[in-house]
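S.K.: Have a look; sequence and predicted model below, questions after that.
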Amino acid sequence: MEDKITFIKDGIRLDGRRVDEARPIKVEVGVLARADGSCYLEMGNNKVIAAVYGPREVHPRHLQEVSRAIVRYRYNMASFSVEERRRPGPDRRSYELSKVSREALSPVILTSYFPRSVIDIFVEVLQADAGTRTAGINAASVALADAGIPMKSLISSCAAGKVDDQIVLDPMKEEDNFGQADMPIAMTPGGEITLLQMDGHMTVEESHRAMELAMKGCRDIYNMQRKVLIDRYSQMENATRQEEAVI
Amino acid sequence: MENSIVLPGDVVGSTEEFVAGHDTYVAGGYIYASTTGQVEIDRERRSARVITKSNAPPRLQNGDIVVGEVIDMKESLVILSLAVKKGYESRPISDEEATIHISNVKNSYVKDLRQMFGLRDIVKAKIIDERQLRLFTGDEELGVIKAYCSRCMSDLRLKEGKLECPTCHNSETRKLSRDYGLGVI
C-alpha cells in the first residue's frame, strides 16, 4: 500500500485553497434561447447547465394537482462528464439526486399560483469534480428566477467535508473520494435548510462546525447569484429603454 | 425602496405601511418580492408591488387578447381552453378555462350560439373579466380564426365572406375574426 496522502499542509489544501475557502464560481444567466429560464454555472471544475420550462401543461395528465403546480427536477450527468465514460441515462444515483434537489427547491416555489401545471427543471452536468448536486441546485435556483417563477427566496447550496480530521469547505474530487466525510446542504438566504445530507463519519462537534462552514459557503454563493441576476435585469432594462428611444 | 431592483425574498415594505400587490407575498408582517423586478409604490392606494421583467409567465388582465380552443358549448355559453396571450407567444397558458356568454359574442343580437361557434374552433377574444375569465368577441379582429367542418372535420376555407368545406362543400357560419385563416394572433 502506498503512503497515506496528506490533504492539508500548513493550512493549504492540494489545490492551494485554505480550509475555509470555496472554489471560484462563475455564473451566467439566460444562456439558452429555447428555455423559459436558464443558467450556466461553474464551481471550480464542475460545469453544469440548468434549464427551466413552465409553468406548462402536465403530461402525463394523471400527475397534475388541482390546487398547485408540480415541480419536476431531472439531474443528469453527461457521458463525458467523468474520467471514465459514464453509461448515459438515469441510474440509482441520479434518481436520488433528482429527488433531493427537487425537495431542496420546491419549498420556496409558490406553486399555488399555477394549479394543474408543471414546472420542469433540467440540470445537465457537463463536467464533474465533486459537488455536482450543489452546483446543480445553485444553477437551477438562478434559472428559476430567470424564468420569472414566483419564489419565496433563492436557494444556495454548498458542501463541507472532512479530510485529515479537519473540516474543509467545498471539497473537490480528491478530497471527496479519499476524505472521511462529505456534507452537502442547501438553504435560503434566511438560513432555513432545505437539503442536508452526509456520508462518512463526523463527531457531533465536527458536524456543527461543518454546518457552519457550509452555511458560510452558501451565503457567499447567494451573493454571487444575486449579483448576476441584478446585472442581467439591469441589462434587460437598458435594452428595452434603448429600443423605446429608437422608436 | 421605490424603483430599486429586488430579487425573490427581498423586503419590499411592511404590511403596516402598504397593501401587498402583484408579485409579492406577506410573511411575519413584511412584504417580500416573489420575482425579480422593480419596486413600484402606489401612494394613493398605499400598495407596493413588483414590476417583473418582460419574460415572466403571463398574467391575464382585463383588455388582454387571448387565443383558445372551443372545448364545450352550452345553450348560452361557449367554453374555451386558453392557449396563449397575445405578445407572450413563447410562454403558453397552462390549463385555464374561460367562457364567452351569448351576450358578449357580437355587438348585435345573437339568436343561436351554434351559428357563431363550433366545437374545436380556434377563437381570438378579449378578456372583460379577469377574475371569472369572461371573454368578449365583438370587435372586428376578434372571433373565430380557424374552424373545422362539422360534418367531415376538414379545415373550413373562407370564400367570398363565407366558410366552405373544400372536401364536402358544406357551408357554415361563424362569428369570424378579420384575421380568419391568416395564422396571425
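M.R.: Alright, I've got the coordinates.

S.K.: so how far is the longest helix anywhere in chain A from its chain's centroid?
M.R.: In chain A, assigned by DSSP state H, the helix with the most residues is helix A:204-246. Here the centre of helix A:204-246 is set off from its chain's centre by 13 Å, with CA atoms, centre = their mean, to the nearest Å.

S.K.: Average pLDDT for it, rounded please.
M.R.: Mean pLDDT, helix A:204-246: 91.

S.K.: how about the nearest residue to residue A:98, chain neighbours excluded?
M.R.: Leaving aside its chain neighbours, residue A:98 sits nearest to residue A:75 (4.5 Å; criterion: CB to CB, 6 or more residues apart in numbering or on different chains). No exception for glycine: its C-beta is placed from N, CA and C like everyone else's.

S.K.: and the one you found, how many neighbours?
M.R.: When neighbours are counted by other CB atoms under 10 Å in any protein chain shown, residue A:75 registers 27.

S.K.: Please report the distance of it from chain B.
M.R.: 22 Å (CB to the nearest CB, to the nearest Å).

S.K.: list the contacts for that residue?
M.R.: A:94, A:97-98, A:101, A:123, A:125, A:132-133, A:136 (CB atoms under 8 Å, 6 or more residues apart in numbering or on different chains).

S.K.: The same query, at a cut-off of 6 Å, please.
M.R.: Neighbour list for residue A:75: A:94, A:97-98, A:101, A:123, A:136 [criterion: CB atoms under 6 Å, 6 or more residues apart in numbering or on different chains].

S.K.: Chain B versus residue A:18, what's the distance?
M.R.: For residue A:18, the distance to chain B (CB to the nearest CB) stands at 29 Å.

S.K.: Contacts for stretch B:134-141, please.
M.R.: So stretch B:134-141 is contacted by B:98-100, B:104-107, B:125-126, B:128, B:143, B:175, B:177-178 (CB under 6 Å, 6+ apart).

S.K.: before we move on, what SS does the residue nearest the centre of chain B have?
M.R.: Computing the C-alpha centroid of chain B and ranking residues by CA atoms, centre = their mean puts residue B:66 first, at 3.3 Å. Per DSSP: H, G, I helix; E, B strand; the rest coil, the local secondary structure of residue B:66 is strand.

S.K.: one step back: tell me what the longest helix of chain A is packed against?
M.R.: strand A:25-29, helix A:132-146, strand A:156-163, strand A:166-169, strand A:181-187 (3 or more CB pairs under 6 Å, 6 or more residues apart in numbering or on different chains; DSSP states H and E).

S.K.: one more time with 7 Å
M.R.: If you count contacts as 3 or more CB pairs under 7 Å, 6 or more residues apart in numbering or on different chains; DSSP states H and E, helix A:204-246 packs onto strand A:25-29, helix A:132-146, strand A:156-163, strand A:166-169, strand A:181-187, strand B:5-6.

S.K.: Quick check, pLDDT for residue B:181.
M.R.: pLDDT at residue B:181 comes out at 89.

S.K.: Which members of the contacts of residue A:75 occur in helices, if any?
M.R.: A:94, A:97-98, A:101, A:136.

S.K.: Residue A:124 is in contact with residue A:74, isn't it?
M.R.: No. Checked against CB atoms under 7 Å, the pair residue A:124 and residue A:74 is beyond contact range at 8.7 Å.

S.K.: wait, residue A:218 sits on residue A:159?
M.R.: No. Using CB under 7 Å, residue A:218 makes no contact with residue A:159, being 9.8 Å away.

S.K.: So between the two, which is more surrounded?
M.R.: Taking other CB under 10 Å, residue A:218 and residue A:159 do not tie; residue A:159 has more neighbours (28 against 25).

S.K.: which ones are touching the more buried one?
M.R.: Counting by CB atoms under 7 Å, 6 or more residues apart in numbering or on different chains, residue A:159 makes contact with A:131, A:134, A:170-171, A:182-184, A:214.

S.K.: which residues touch residue A:28?
M.R.: A:39-40.

S.K.: Kindly state the domain boundaries assigned to chain B.
M.R.: Following automatic domain parsing, chain B resolves into domains at B:5-52, B:65-172.
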